[in-house]
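1. here is my input; please provide its structure:
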Amino acid sequence: MAYGTQTMTPANKPGTARKPVVACQGLTKVFKDFWMRQRARAVDAVTFHIEPREIFGLLGPNGSGKSTTIKLILGLLRPTRGRIAVFGKDPTDVRIKRRIGYLPEESYLYGFLNARETLDYYGKLFEQDRRTRRSRTDELLDMVGLTHVQHRPVREYSKGMQRRIGIAQALINDPDLLILDEPTTGLDPIGTRQVKDLILELGRRGKSVLLSSHLLTDVEDVVDRMVILYGGKIRREGPRDELLTRRETTSIETDALDDETIAEIDRVIRQRTHGEKAVRSVSHPRQRLEELFLGIVEDAKREQAETSGATHGGTTASFLKAAGPAAAGPAGEELIESLLTDGDEPAGASEADSAAPPPAGVSDDESARDDVLSALLESDDPAEVHPRSGHAEPAKSDDDTGDRASPSETVGDRAGTADTEGVDLDVIGSLIDEDEGDDDATENDRGREG
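-> Okay, the predicted model is just below:
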């Protein structure tokens, strides 16, 4: 159902009042300094409401109180005066959190996670099962155009790409109320147009959207109703068309006319109005810069031009189109406990990781030699120090409890006191003879050189 139609529902039947999604009455927020003196009045007696299925614009220049108002609605700040209700409850009520999606003014993301792991993490916060998280992550990554860079750490993303993943995380729970604070900051014209289309589609689906921005063109294209803030106060409020329509002029659009026809039209207007009105200007309409830019990009896409950045993105995720309430999740301490005991692996850990081959082992000859040396170093004395960390330590003699074995002691000497059962001493002897022979040859060579 498109916004504005009068289909009879329980919310709009005669005698049934529609409960607003957000209601603010006399909202005031004063920030104070250390001595409790008033430092800034960020929001001053603001009153407005957001209806179900409505796209609501919160406009104003920087420092006008937009972000503070949003934080009050989210329960991140407590109002100094006034009242707020979100879904009919106090904004600090944890039960309403699962019905809200929020994109802050700055994208606060974990840089060491990649895009897939980020969305999987936020999906776990809403107690979504593994299959749901994986499905929604795939659809959202495709929707925001980050599928081909999903395994790159978020810290390597550009600001616009981080903004895209921020929008995706705000939608992972299929919220009933979507709050977007400057959503198009850092986005290219393609991403900006896509965000606008997404907002319109969510409104058609029945979602409520609160859009805060100081970029007027972004808001003008999508909102149903808006308030304009300045200095923490509401300066104007009303439907978009009512606020933007200029009643004092009339615009008529026709095909191109020659000068003679235009002069004739002007003569008729002057005659009918007794000279009080006339044609003020004649010009050829121009396309908007956004339309020109998007047209150029579409031409490049048809030519299959490649890009290493974010792509245009796919269609809106299917789960955002489906009707029905948002998935329920635990509240309060139950949510925290469930997060601490969740044993699922993040979706970023692929099956390939678990199937990775173990480190290559030693060869058969090396293994046999290690077995022989281990047998030689074993002692009947339980107090003897055994080798650790794979490095053999000199064994202690039977009559010496504090000093290490003499450096001149050979493996053959130790063999006389070690347990040599099952050990081939001929093999050990041949190895020792080879080493001694090499040492003698080296000494003879040095003698000749001398």
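
2. burial measure for the closest residue to residue 61 other than its chain neighbours, as a count.
-> Of all residues not flanking residue 61 in the chain, residue 214 sits nearest, at 5.8 Å (CB to CB, 6 or more residues apart in numbering). (Each C-beta comes from the backbone N, C-alpha and C, glycine too.) Neighbours of residue 214 under the rule other CB atoms under 10 Å: 15.

3. what does residue 64 give?
-> 22.

4. cool, residue 27 as well?
-> So residue 27, with other CB under 10 Å, has 24 neighbours.

5. what do you get for residue 168?
-> Residue 168: 24 neighbours (other CB under 10 Å).

6. can I assume it sits in a helix?
-> Yes - under DSSP: H, G, I helix; E, B strand; the rest coil, residue 168 sits within a helix.

7. go ahead and confirm it touches residue 138.
-> No - taking contacts as CB atoms under 8 Å, residue 168 lies outside contact range of residue 138: 11.0 Å.

8. residue 181 and residue 77, how far apart?
-> 14 Å (CB to CB, to the nearest Å).

9. overlap in contacts of these two?
-> The contact sets of residue 181 and residue 77 do not overlap (CB atoms under 8 Å, 6 or more residues apart in numbering).

10. which one's more surrounded, the two?
-> Higher neighbour count among residue 181 and residue 77: residue 181, with 20 against 17, using other CB under 10 Å.

11. in the sheet, who's paired with the more buried one?
-> On the basis of DSSP bridges, residue 181 is bridged to residue 212.

12. ok, now residue 85?
-> Taking DSSP bridges as the rule, residue 85 bridges to residue 23.

13. so who does it touch?
-> Neighbour list for residue 85: 20, 22, 23, 91 [criterion: CB under 8 Å, 6+ apart].

14. how about those residues in JSON lines, adding neighbour count, pLDDT and distance to residue 163?
-> Formatted as JSON lines, the contacts of residue 85 follow (neighbours: other CB atoms under 10 Å; pLDDT from 0 to 100; distance: CB to CB, whole Å):
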{"residue": "20", "neighbour count": "18", "pLDDT": "93", "distance to residue 163": "29"}
{"residue": "22", "neighbour count": "20", "pLDDT": "95", "distance to residue 163": "24"}
{"residue": "23", "neighbour count": "19", "pLDDT": "95", "distance to residue 163": "30"}
{"residue": "91", "neighbour count": "22", "pLDDT": "94", "distance to residue 163": "25"}
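
15. and stretch 120-132, end to end?
-> End-to-end distance of stretch 120-132: 10 Å, with CA to CA, to the nearest Å as the criterion.

16. quick one: buried residues of that stretch?
-> Using 16 or more other CB atoms under 10 Å as the burial criterion, the residues of stretch 120-132 that qualify are 120, 121, 122, 123, 124, 125, 126, 127, 128.

17. for those, which one is nearest residue 176?
-> residue 126 (12.9 Å; CB to CB).

18. from residue 149, how far out is the closest residue to the closest one other than its chain neighbours?
-> Distance criterion CB to CB, 6+ apart; nearest residue to residue 126, sequence neighbours excluded, is residue 173 at 4.5 Å. Going from residue 173 to residue 149 by CB to CB gives 23 Å.

19. and those two? Which one has more around it.
-> residue 173 (22 against 19).

20. how is the chain carved up into domains?
-> Under automatic domain parsing, the residue ranges defining each domain of the chain are 22-245+305-341, 364-449.

21. lowest average pLDDT across those domains?
-> Note on those: lowest mean pLDDT is at domain 364-449, with a mean of 51.
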